[in-house]
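Asks: predicted model, plus sequence, below.
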Amino acid sequence: MDMEISIIGHGYVGLVTACVFADFGNKVHVIGRTPEKISRLRSGDPIIYEPGLEEILDRNLKNGNLEFSTTYDSIKNSEIVFIAVGTPSQADGSADLSQVKVVAKEIALALGESFTVVSCKSTVPVGTNRAVEKILTENAPAHAKFAVASCPEFLREGTGVSDTLSPDRVVIGTESKKAADLLLELHKPIGGQRVVCDLSSAEMIKYASNSMLATKISFANLIAEMSEVAGANAPLVLKAVGLDNRVGAKFLDAGIGYGGACFPKDVKALAFIGKDLGVDSSLLDQVEKINHNARERFAERIVKHAKGKVLAIWGLSFKPNTDDIREAPSIEIMKYLLKNGFSLRVYDPQAMGHIRRIFGDQLSYFDNKDDALAGSDNLVVLTEWSEFAAADLEEVKKVLKNPVIFDGRNVFDPEQMGKLGFEYYSVGRKDVK
Ligand code: UDX
């Protein structure tokens with residue numbers, strides 16, 4: 001059964017969700033507040049970079065399944081409304097819910113006479129959906145019939161479309177059987193196990209999942225730091241640890257730490273929630289601290305071992321296959337390097353525009369990795385885009401003034417680097433000199 005739904009927000013979560021549900025034949029309305037962005041979306045420009053998204057957007061604009069608007073007119077005919085707006089960190093680490101609350105009031109005022117499920121896709125602290133319910137109750141017209149639900153999103157940037165099509169699980173938190181049934185119906189073509197639960201558990205599942213993954217990464221980075229001192233090989237240690245299927249191999253890659261729009265924000269928010277609940281959540285404070293140490297340690301190693309003051313930087317986005325630089329380790333590391341007098345020649349396949357807006361003329365920007373390399377003393381790798389792993393290392397050695405590589409993502413093999421005659425610094429492995 002095809003449904004009519006509305007989604008408020010057109011970031012990574014809102015837009016990918018909208019495109020995927022429209023592609024299943026549903027009528028999807030996307031609501032945003034910036035007219036300029038809405039007209040770009042209407043013309044088929046997804047604004048964000050996400051593999052495969054542009055084609056789905058184009059297809060569903062053409063077949064009329066997808067519409068974009070700055071008004072809430074579509075709410076009255078929608079069976080399901082998803083809230084997918086930002087919940088950024090505030091100074092104290094707590095999530096800023098102001099956008100969610102504004103949107104909830106707008107939805108309330110626009111509700112029609114038929115039953116509507118209002119469901120948060122945004123990551124929100126325990127209790128937020130109750131607050132949304134209260135806003136709806138206080139502002140909805142007397143004839144409105146609605147129920148709230150929490151339907152957290154687990155997609156990763158860069159693989160957003162395939163993650164949405166085949167997630168490990170679909171979580172539906174609600175106290176309304178009718179709302180659960182409608183959400184289950186909408187998700188029918190989507191893979192993954194169903195977890196139908198209460199509102200608070202659904203809200204907690206999202207924070208707990210992201211914090212668990214971030215904890216694995218920080219654990220890997222702690223083992224990497226110890227391995228560097230002890231002369232052990234951290235990737236090998238962590239591979240062996242991950243072979244225990246109680247642990248699992250994923251998210252144990254040591255490097256320069258996690259970034260992005262979710263992990264840093266959600267770990268801080270869960271730590272804050274713990275304190276608010278009177279529960280000792282200092283484990284999460286340490287996860288964050290280790291994450292920052294990983295960047296600082298790497299930047300300090302560059303300052304200590306660099307030969308020359310001109311560095312080529314390969315990779316700026318917080319991870320490969322995205323243009324996103326939110327909380328990207330590259331930002332802090334490059335600020336530190338600039339402070340220490342280095343000149344940086346940077347290249348990233350997607351994130352250059354965003355980085356330019358932060359750093360302006362403090363950096364030199366290049367359209368490809370080879371031009372960034374030419375004239376550089378050493379090379380620094382900050383994001384593991386596949387084109388870097390595929391680089392012709394003999395050529396890199398010829399072009400660099402000094403064959404020194406700082407590899408923040410363990411892209412290259414130390415043994416090969418030694419054979420090629422590089423001085424090579426990576427994470428959690430012995431230096432090659
Ligand atoms: C994450 C969650 O994976 C996703 O479920 C949630 O919906 C949103 O947050 P995302 O931020 O897109 O997704 O990226 P992810 O692939 O999880 O990587 C996050 C960060 O961790 C990146 O900076 C990445 O480089 C880093 N990372 C990941 C590591 O440093 N080591 C690893 O082993 C894995």
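Replies: Yep, that arrived. Residues are numbered from 1 along each chain as shown.
Asks: mind checking the longest helix of the protein?
Replies: For the chain, the longest helix by residue count, based on DSSP state H, is helix 199-230.
Asks: which parts of it are buried?
Replies: Across helix 199-230, burial judged by 16 or more other Cβ atoms under 10 Å covers 199-200, 202-207, 209-211, 213-225, 227-228. Heads up, the C-betas are built off the backbone N, CA and C, glycines and all.
Asks: repeat that for stretch 327-346.
Replies: 327-334, 336-337, 342-346.
Asks: ok, which pair from the residues you listed is furthest apart?
Replies: Longest distance between any two of these is 24.7 Å, between 327 and 343; criterion Cβ to Cβ.
Asks: just say helix, strand or coil for residue 33.
Replies: Recorded secondary structure, residue 33: coil (DSSP: H, G, I helix; E, B strand; the rest coil).
Asks: can you tell me the closest non-neighbouring residue to it?
Replies: Ranked by Cβ to Cβ, 6 or more residues apart in numbering and with sequence neighbours excluded, the top spatial neighbour of residue 33 is residue 70, at 6.3 Å.
Asks: check which helix or strand covers residue 255.
Replies: Using DSSP states H and E, residue 255 falls within no helix or strand.
Asks: show me the strands in the stretch 251-400 of the chain, by range?
Replies: 310-314, 343-347, 364-365, 378-381 (DSSP state E, counting those that start in this stretch).
Asks: closest one to the ligand among the ones you listed?
Replies: Among the strands of the stretch 251-400 of the chain, strand 378-381 comes nearest to the ligand, with 12.4 Å by Cβ to the nearest ligand atom.
Asks: tell me where the model's unsure across the stretch 51-200 of the chain.
Replies: Of all residues in the stretch 51-200 of the chain, none has pLDDT under 70.
Asks: so which bits of it are right by the ligand?
Replies: 153, 154, 155, 156, 157 (Cβ under 6 Å from any ligand atom).
Asks: buried ones among those?
Replies: By neighbour count, with 16+ other Cβ under 10 Å, those hold 153, 154, 155, 157 as buried.
Asks: the third one is in contact with residue 165, isn't it?
Replies: Read it as residue 155. No - counting by Cβ atoms under 8 Å, residue 155 does not reach residue 165; the two are 9.6 Å apart.
Asks: show me what residue 346 bridges to in the sheet.
Replies: When bridges are taken as DSSP bridges, the partners of residue 346 come out as residue 313, residue 365.
Asks: give me the number of residues near the nearest residue to residue 90 once chain neighbours are set aside?
Replies: Distance criterion Cβ to Cβ, 6+ apart; nearest residue to residue 90, sequence neighbours excluded, is residue 96 at 4.9 Å. Applying other Cβ atoms under 10 Å, we find 15 residues neighbouring residue 96.
Asks: distance of whatever residue of the stretch 301-433 of the chain ends up closest to the ligand relative to residue 180?
Replies: Scanning the stretch 301-433 of the chain for proximity to the ligand using Cβ to the nearest ligand atom identifies residue 319 as nearest, at 3.8 Å. Distance of residue 319 to residue 180, computed by Cβ to Cβ, to the nearest Å: 34 Å.
Asks: nice, that's everything, thank you.
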